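Engineer: Kindly return the folded structure for what I paste below:
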Amino acid sequence: MGRSALLVIDMLNDFVHPNGALYAPSTREIITNIKKKIEEARGKGWLVIYICDSHRPDDNEFLIFPPHCIEGSWGAEVIDELKPKENDYIVKKRRYSGFFGTDLELLLRENKVEELHLTGCLTDICVLFTCADAYYRGFKIYISKGSTAALSFEDHEYALKLMKKAFGVEVED
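Structural biologist: Now for the predicted structure:
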């Protein structure tokens, strides 16, 4: 078993807070589970890495989704319930995958991480694309069903099945 890291994906005000620009109500239901996962990870000495949407005001993604998580805004901040601690890492991203255009892979390789535990939102978008890129880079991947959320139950279940089938992800309860 290699060194592990916990990725907390997009648990940001614009997705998780009711006043957020792209509020996904199901994200409220996973906060307690993610908080437990973070505490467990810290207790085991794992890296805790927050993967955070951080867009420019004119980002091309806004042709698909309304403006959200504008760099430096309240919406781009991690929710109060899950604020990072001093030894945690923050990786800002402009696309769905936590790997695309970021230094996430370098951070993981420098710390000899081989296993990733993914939490956060949305299961069928940013979690899925981060998972795919992690798989292509040779990481072993675990996803907690109760620590990820999508806009619908069907989207959540579909993404979990796809990640299990296509990338050999171990889905935990």
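
Engineer: Assign a three-state SS to the residue of the chain most remote from its centre, would you?
Structural biologist: Distance from the centre of the chain peaks at Asp58, with 22.9 Å (C-alpha atoms, centre = their mean). Secondary structure state of Asp58, per DSSP: H, G, I helix; E, B strand; the rest coil, is coil.

Engineer: Name every strand pairing with the lowest-mean-pLDDT helix or strand in the chain and say which way it goes.
Structural biologist: For the chain, counting by mean pLDDT, DSSP states H and E, strand 170-172 ranks last in confidence among helices and strands (a mean of 93). Within its sheet, and counting by DSSP bridges, strand 170-172 is paired with strand 140-149 (parallel).

Engineer: And the helix or strand just after the strand it pairs with, what does it pack against?
Structural biologist: Following strand 140-149 in sequence order, the next helix or strand is helix 153-167 (DSSP states H and E). If you count contacts as 3 or more C-beta pairs under 8 Å, 6 or more residues apart in numbering; DSSP states H and E, helix 153-167 packs onto helix 128-136, strand 140-149, strand 170-172. Yep, even glycine has a C-beta here, placed from its N, CA and C like the rest.

Engineer: Let me have these in TSV, extended by mean neighbour count.
Structural biologist: Listed next are these as TSV, based on neighbours: other C-beta atoms under 10 Å:
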stretch	mean neighbour count
helix 128-136	20
strand 140-149	22
strand 170-172	13
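
Engineer: right, and His156 touches Ser147 too?
Structural biologist: No - here His156 does not reach Ser147: they are 11.4 Å apart, not a contact under C-beta atoms under 8 Å.

Engineer: Apart from its chain neighbours, what residue comes closest to Glu81?
Structural biologist: Nearest residue to Glu81 in three dimensions, chain neighbours excluded: Ile31, at 5.2 Å (C-beta to C-beta, 6 or more residues apart in numbering).

Engineer: Starting from the helix or strand in which the one you found is found, tell me the next helix or strand along the chain.
Structural biologist: Remark: Ile31 resides in helix 31-44, with elements defined by DSSP H and E. Note on helix 31-44: by DSSP H and E, the next helix or strand toward the C-terminus is strand 47-53.
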